[in-house]
Every structure is written in C-alpha cells, then in structure tokens.
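J.: Any chance you can model this:
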Amino acid sequence: MKTLSVRQPAASEIASGRKRIEYRTWKTNYRGPLLIAASQRKSGDLPTGCAICVVDLVDFTGREGDYRWHLENVRLVTRNRRRYHDLVKAGKKANVAKVAVASEVVREMWVLGRIVQRELEG
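T.: Now for the predicted structure:
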C-alpha cells in the first residue's frame, strides 16, 4: 500500500472526513488505497509519527506544481501491528505491548473525537 505523510492537523482532518482534497506539487498515476501517516512534526496534542487512516485516492486535478489529490472512503486505522512488534522486539512483554498500542489507539480516537466535537459545536 502506498503511504502519504501529512502534517498535523491536516492528517486528522483527513481522518475525520473534513479534508477531502490534499494539495501536492506532484501528480501521480496511482489510484487506490492510500495510507495517511501523520508526520513527526509536533502540532499541539495531535498524534504524530503514526498511521492515522486509509483513504482511496480517486483522482487528481490542477496544474503543474498545484495538484489536488481527491480522497474518498476514509477508514480509520484501529490497530498498529508494526508498533506492537517494535515494542516486543525492544523487550516489552506481549501483554504490555498490547496495552501500550491500545492506549495509543484510544488517544488517537479521543483526539479525532475532539475534532468532530469542535466541528459539531461550530
């Protein structure tokens, strides 16, 4: 699966469905599933350095240097198996690694919930 690194808060806005167009300076012939990963750059309390969601890249429009990637069908990442395996390799017990990954997922969902709540409150 192809991956696109996106800075926060844009990554969380894509995951919430509010941002359906991502602007890039290059075009691509690829169409299909695209993993959205939050870049490492810190932005408040939003999650960074992790997978956020999977979307479908369905089209791009625009002109040279100003392309609009059209995103649809957002699916949130609910398990982070790689993170789990990294923790186990680093010496964490399996049950401790599972709890750590679950805690990270809960935090991501909480942050996304806050974004949606703010949107609803308007």
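J.: who touches the closest residue to Thr48 other than its chain neighbours in this structure?
T.: By the measure of CB to CB, 6 or more residues apart in numbering, the closest residue to Thr48 outside its immediate chain neighbours is Ala38, 5.0 Å from it. Yep, even glycine has a C-beta here, placed from its N, CA and C like the rest. Residues touching Ala38, when contacts are defined by CB atoms under 8 Å, 6 or more residues apart in numbering, comprise 5-8, 11-12, 46-52.
J.: Let's see that with 7 Å instead.
T.: If a contact means CB atoms under 7 Å, 6 or more residues apart in numbering, then Ala38 has Val6, Gln8, Ala11, Pro47, Thr48, Gly49, Cys50, Ile52 as its contacts.
J.: any idea of the pLDDT on Tyr30?
T.: What the model reports as pLDDT for Tyr30 is 95.
J.: burial of it, as a residue count?
T.: Burial of Tyr30, expressed as a neighbour count using other CB atoms under 10 Å, amounts to 11.
J.: now Leu76: how far from Cys50?
T.: Look at Leu76 and Cys50: by CB to CB, to the nearest Å, they are 12 Å apart.
J.: ok, these two, which is more surrounded?
T.: Set side by side, Leu76 and Cys50 show more neighbours around Cys50, with 18 against 15, by other CB under 10 Å.
J.: gap between that one and Gln117?
T.: Cys50 sits 21 Å away from Gln117, going by CB to CB.
J.: Just want the most central residue of this protein.
T.: For the chain, the residue nearest the mean C-alpha position is Ile52 (2.4 Å; CA atoms, centre = their mean).
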